[in-house]
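S.K.: Any chance you could fold what I've pasted below:
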Amino acid sequence: MILLNGTNLKKMFFDETLFSEVSFNISDKDKIGFVGINGAGKSTLFKIINGISDSDEGEIFKNKLTKIGYLDQYTCIESENTIMEEMLDAYREVIDIERELEDIHYEIENKRGDIDALVKRQTALQDRFGELDGYRYKSIVKSTLVGLGFSEDDFDRRVDTLSGGQKTRVSLGKLLVSDSNLLLLDEPTNHLDIASVEWLESFLSNYKGAFVVISHDRYFLDRVTNRTFEMESGKLRTYNGSYSEYVKQREIEKKTEERNYINTQREIDRLNDIVEQQRRWNREKNIKTAESKQKVIDKLEKTLIKPVYDTEDIGFSFTSSEGGGNDVLITENLGMSFDGNKIFRNCDMHITKGEKVFLLGANGCGKTTIIKNIIGKYEPTEGTVKIGANIKIGYYDQIQENLSHDKDIFTEIHDEFPELNNTQIRNALAVFLFRGDDVFKEIKTLSGGERARVELTKLMLKPANFLLMDEPTNHLDIQSREALEKALSDYDGTMLMVSHDRYFINKLADRIIYMTSDGLKSFTGNYDEFLAKNTVTETEEKVAEKPKNLDYQEQKRIQAEKRKVLNRFNKVEELIEKLEVEVEEINSEMQKPELALDFTKLNELSKLAEDKNNEIMELMEEWEQLQTEIEEKEYI
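M.R.: Numbers count the residues shown, from 1 in each chain. Sure, this is the predicted structure:
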């Protein structure tokens, strides 16, 4: 089923065309990744689809059954509700039905009002309640919030006290539990740590509706999408397959377009030579030949498609300063507290010359704080930090605190590197695509991606043999990320990076250090290798935690208890499925025309449906309790 399509859409800003002749369709099974450089028009197209902005030409057709859920990249909700109240707002209809069912049950139990009408209303409400996941909506909300990185202690926090990133996560959670069947997600992985991104991947992989997701996270796109939209040079192209499959298809397509263009242009040039020659001879026969060939040229020029060459790439490199011993960084028993709250402890780290190390961990575990301990911005409350001899640090700050917002780009670079002349500064900025009057843009007016490029310019110009980078790919589009990957791959100094970009980590990491509540764990290899080793380690630890010297009778008791719980869990699932089928059959029976006036029979059926729905609710509660027990006792 087609949920939505766009036909010949065009959008202009002042006299410039952002995109034109954009046509596409979205079906109910589509999981679409939307890629393109920053500023290509992806977010603008989302706003047109959602009715927030108008197109200058073309139209959007939306199926009457389509319900769109939209996450703006810069969503920042303001609400006095708690996080839980804000999430439950997505289930307003469910909660209203729940309250009305309670009122009806009270009326029927106390034999008040028109019992027949009440029973009929009750049956209709119960059907709708089931359709809206009413029997498990609270558990869905809780699991969604936990998946997005909130603890149960956070549920009662007011939304207006949260950070911008936390508010965005609440907005995302509320959208995910809504009854939308088409999600438009603009950079949903921003503000999520790796664990939350992986939870979102699992959610979207199992999502029954369709979605279009704008993202620069290539790993994420490969995990969740089956189609790809690309916005490039004002045109939209569509491809079947995930991001990696799209890259292969697009590369073949570009080569074909270029080859066809060259061959067609060569033929046009050949025909032009003939036309020119025939016109020089200027006889009747020659003139006819020239006119005939000119028609062929005109036809070829109309069908000539100039290939879309890649937009100008950033191309830069980091140069490692000479010197520095083998021991670049050593921390011992490093710990940090703020206002008596311990952020981390027991952090022992040893980084040697030439290593490319990534520091990973959940949001809030202290990754940025440990980086600031290393550069001396924060004094640790426990332990020591030792920087090796002749080590020169280059630091990239994810929130660009190093940038002066009251300066323009040129002045920012000049003040940091006064030894450079104007030409050298302009050449450095040109590498990061700041040219002409762009170099005089004020820092405070720049986008996140532009500020990131200014920060990278400063890092490139600074002689350093130890790079500390905190989320360097945030705000960068895919092409800029690839340029950064190449520059860092060629860098012969030492690196310590914080990142949640798994594609980026896979490309560069020699070693991964993972922050836990009790200190640091080190793993050799990239992210995929870390994931495999970490899974094995967790399994081994769980096995090790289990008592090894249980006597025979105790082992038998545990196995019997496990079988009992699992058997009951399977039985409850079967009973729920059986009762749901029976309720559907009862509802179908009640719709038969011959029963339209048989109120006695309808009352009996309605009462039977109510009893079975009550059984379903009780079984659902038991199912949730059993599921919790299975997870806690690892009955898997």
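
S.K.: what's the model's confidence in the helix or strand Ser139 falls within, averaged?
M.R.: Element membership of Ser139, judged by DSSP states H and E, is helix 137-147. Mean per-residue pLDDT for helix 137-147: 89.

S.K.: Outside of it itself, which residues are in contact with it?
M.R.: The contact list for helix 137-147 (C-beta atoms under 8 Å, 6 or more residues apart in numbering) reads 83-84, 87-88, 90-91, 94, 133, 152, 154-155, 173, 176-177, 196, 199-200, 203, 624. C-beta coordinates here come from the backbone N, C-alpha and C atoms, glycine included.

S.K.: can you tell me the helix or strand for Asp348?
M.R.: In this structure, Asp348 is located in strand 341-352 according to DSSP H and E.

S.K.: Show me what that strand is packed up against.
M.R.: Contact analysis of strand 341-352 by 3 or more C-beta pairs under 8 Å, 6 or more residues apart in numbering; DSSP states H and E lists strand 327-338, helix 367-374, strand 494-498, strand 511-516, strand 519-524 as its packing neighbours.

S.K.: in its sheet, what does the longest one sit against?
M.R.: Sheet partners assigned to strand 327-338 using DSSP bridges are listed as strand 341-352 (antiparallel), strand 382-387 (antiparallel).

S.K.: List of residues touching the shortest one?
M.R.: When contacts are taken as C-beta under 8 Å, 6+ apart, the neighbours of strand 382-387 outside the stretch itself are 327-337, 345, 347, 373-374, 393, 466.

S.K.: Filter those down to the buried ones.
M.R.: 328-331, 334-336, 345, 347, 373-374, 393, 466 (16 or more other C-beta atoms under 10 Å).

S.K.: and the nearest residue to Arg511 once chain neighbours are set aside, helix, strand or coil?
M.R.: Of all residues not flanking Arg511 in the chain, Val357 sits nearest, at 4.9 Å (C-beta to C-beta, 6 or more residues apart in numbering). Three-state call for Val357 (DSSP: H, G, I helix; E, B strand; the rest coil): strand.

S.K.: Quick one: the helices in the stretch 401-550 of the chain, in order.
M.R.: Taking DSSP state H, counting those that start in this stretch as the test, the helices found in the stretch 401-550 of the chain are 409-416, 422-431, 448-461, 478-490, 502-508, 527-545.

S.K.: Could you tell me the least trusted of those?
M.R.: Looking at these, the bottom one is helix 527-545 with a mean of 65.

S.K.: of the strands paired with strand 327-338, which approaches Lys564 most closely?
M.R.: Comparing the strands paired with strand 327-338 against Lys564 with C-beta to C-beta, the closest turns out to be strand 341-352 (41.3 Å).

S.K.: Secondary structure class of the most centrally placed residue in the chain, three-state.
M.R.: With distances taken as C-alpha atoms, centre = their mean, Thr189 lies nearest the centre of the chain, 3.1 Å away. Classification of Thr189 using three-state DSSP returns coil.

S.K.: pLDDT value on it, please?
M.R.: Taking Thr189 on its own, its pLDDT is 89.

S.K.: So it sits against Glu201, correct?
M.R.: No - at 9.1 Å, Thr189 does not count as touching Glu201 under the criterion of C-beta atoms under 8 Å.
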